[in-house]
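pasting the sequence and the predicted model now:
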Amino acid sequence: MTERIPGVLGEGVSTRTRWASLVLLGLFGALMIAASPGLPRVGDANSVPANHVADYYIEKGYEQTGVPNIVTAVLADYRGYDTMGETTVIFVAGLSCLLILGTQRTLRRVEELDLDSPFGSVVLDLGCRLLVPFILLFALYVVFHGHSSPGGGFQGGTFLAAAAILIRLVRGKGESWGFSRRQALIVASIGGSLYVWIGIIPMFYGKQFLDYSGLPLAVTDIPHLRAYGTLGIELGVALTVMGVLIIIFDCLLGKEE
Amino acid sequence: MLRLDILFIVLMIACAWGILNVKSHISAVVIFGAFSFFSCTFFVVTGALDVAFTEAAVGAVITTVYFMLAIYKTGENVVPVRRKVRGGPNP
């Protein structure tokens, strides 16, 4: 057995605690294995979700929502409430990181490596300059083409954040292209409120919450309207995810503005 | 018939075993990125392309960067700031 990571696995843990945790883990595993036959088999045609909603989504999804990718149609249109909850959870996670990590500085490095100044060489700098426009373009493609190919708001927002984080890693935080922590928080808030307002606006036109067929746009047929509503909330999710990931990165970096 | 999914699951288990048994934190994080990548390919094999996309973006890229950053802030060459804890032993 090789040497383990110090302090992670069991130094100073008594033998009784080890046996107790082993018994607890064994019981938990036995419970999971005992419960697993209750799950439907993969591809089972008689399972509950396959019987009730899946056929409906597959048959009616495109003609009702105008979105060829059924996953996007279900996530953003039929299950819009759930996606709004996920976006709220991500936003709250970013706020919690800002609250907990944003101010405290309980650890300090022995040798201060300075992330404020750019680090690396000409090669890294040029590679970053070459890569970032393509990452941004691909991120926008993923967001806007999520209707008919795999992708969508979460993935596109992650790629946008990855481009910003790459700039921060290579160029240093001083040259983050003007995208500070405060602006990331503003972008995340704009994304979340864009989602909620796209849900609320149809209520002024006699439709229900998150029913995109009530959006006041210049197109009249319902599938087109719902496709545009889906696009809007994908954009909101992308902005939220991008802002929150940049906020978490900056909080982990731990530098005050 | 070549069962790619079983191969990927075996590789994932090997990665999990490796994470627990490497010496440095940074190696563990890199193997964790490989774990994410294998689970991503497993999702592709089972046909869940959107989930695989999310796993590749979040699990293999962003999480690795965050872990690296956390190690950079709290790694081996980092000492906690000595603070006098009320009622605790003096360092």
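That came through fine.

mind telling me what element B:Leu7 is part of?
For B:Leu7, the host element (DSSP states H and E) is helix B:4-21.

what residues sit buried inside that helix?
B:8, B:11-12, B:15, B:18-19, B:21 (16 or more other C-beta atoms under 10 Å in any protein chain shown). Every residue, glycine included, has its C-beta placed from N, CA and C.

which single one of the residues you listed is nearest to chain A?
B:Asn21 (5.3 Å; C-beta to the nearest C-beta).

just the pLDDT for that closest one.
pLDDT recorded at B:Asn21 is 87.

how close does it sit to B:Ala14?
11 Å (C-beta to C-beta, to the nearest Å).

follow-up on the earlier one: which of the buried residues of helix B:4-21 are close to chain A?
B:Asn21 (C-beta under 8 Å from any C-beta of the partner chain).

and which of the buried residues of helix B:4-21 is nearest A:Ser149?
Closest to A:Ser149 out of these is B:Phe8 (23.1 Å), distances taken as C-beta to C-beta.

does the closest one touch B:Thr41 like I think?
Yes: at 5.5 Å, B:Phe8 counts as touching B:Thr41 under the criterion of C-beta atoms under 8 Å.

pLDDT below threshold where in the stretch 101-250 of chain A?
Within the stretch 101-250 of chain A, the stretches with pLDDT under 70 are A:103-120, A:172-178.

ok, 80 please
Applying pLDDT under 80 to the stretch 101-250 of chain A flags the ranges A:101-121, A:171-180, A:220.

show me where it has its helices.
A:122-144, A:153-171, A:181-200, A:222-253 (DSSP state H, counting those that start in this stretch).

to A:Pro68, which of those lies closest?
helix A:222-253 (9.5 Å).

what angle do helix A:181-200 and the closest one make with each other?
Calculated by axes from the mean of the first three to the mean of the last three C-alpha atoms, to 10 degrees, helix A:222-253 forms an angle of 160 degrees with helix A:181-200.

and chain B, is helix A:222-253 touching that?
Yes: shown here: helix A:222-253 in contact with chain B (C-beta under 8 Å from any C-beta) through A:245, A:248-249, A:252-253.

what's around the nearest residue to A:Ala162 once chain neighbours are set aside, how many residues?
Taking C-beta to C-beta, 6 or more residues apart in numbering or on different chains, and ignoring the residues beside it in sequence, A:Ala162 has B:Val61 as its nearest neighbour in space, at 5.5 Å. Using other C-beta atoms under 10 Å in any protein chain shown, B:Val61 has 18 neighbouring residues.

need the per-residue pLDDT for B:Val61.
At B:Val61, pLDDT is 88.

A helix includes it, no?
Yes: counting by DSSP: H, G, I helix; E, B strand; the rest coil, B:Val61 is found in a helix.

am I right that B:Val51 is in contact with B:Thr41?
No: the pair B:Val51 and B:Thr41 fails to qualify as a contact (C-beta under 8 Å) at a distance of 11.7 Å.

for chain B, give me the ranges with low pLDDT.
Filtered on pLDDT under 80, chain B yields the residue ranges B:1-5, B:72-91.

in what helix or strand does the residue most central in space within it lie?
For chain B, B:Phe32 is the residue whose C-alpha lies nearest the centre (C-alpha atoms, centre = their mean; 3.0 Å). Using DSSP H and E, the element containing B:Phe32 is helix B:25-45.

for that helix, packing partners?
Applying 3 or more C-beta pairs under 8 Å, 6 or more residues apart in numbering or on different chains; DSSP states H and E, one finds that helix B:25-45 makes contact with helix B:4-21, helix B:49-54, helix B:63-74.

which other residues reach it?
For helix B:25-45, contacts defined as C-beta atoms under 8 Å, 6 or more residues apart in numbering or on different chains pick out A:5, B:4-5, B:8-9, B:11-12, B:15-16, B:18-19, B:22, B:49, B:51-52, B:55-56, B:59-60, B:63-64, B:67-68, B:71, B:75-76.

can you list the buried residues in it?
Those would be B:25, B:28-44, for helix B:25-45 by 16+ other C-beta under 10 Å.

what's the answer for stretch A:187-206, then?
A:187-189, A:191-192, A:194-196, A:198-199, A:201-202.

and these, which is closest to A:Thr17?
Taking the buried residues of stretch A:187-206 together and measuring to A:Thr17 by C-beta to C-beta, the closest member is A:Ala188, at 42.0 Å.

which non-adjacent residue is nearest the closest one?
A:Gly243 (2.8 Å).

one more: A:Phe249?
A:Phe249's closest residue in space is A:Ile165 (C-beta to C-beta, 6+ apart), at 5.3 Å.

quick one, what contacts that neighbour?
A:245-246, A:249, B:62, B:65.

report the two of those residues separated the most.
Longest span within the contacts of A:Ile165, C-beta to C-beta: A:Ile246 and B:Val65, 11.4 Å.

these two: which is more packed in?
Neighbours of A:Ile246 and B:Val65, each counted by other C-beta under 10 Å, are more numerous for A:Ile246; the result is 26 against 20.

can you tell me the closest non-neighbouring residue to the more buried one?
In space, A:Ile246 is closest to A:Ala184, 4.1 Å off (C-beta to C-beta, 6+ apart).
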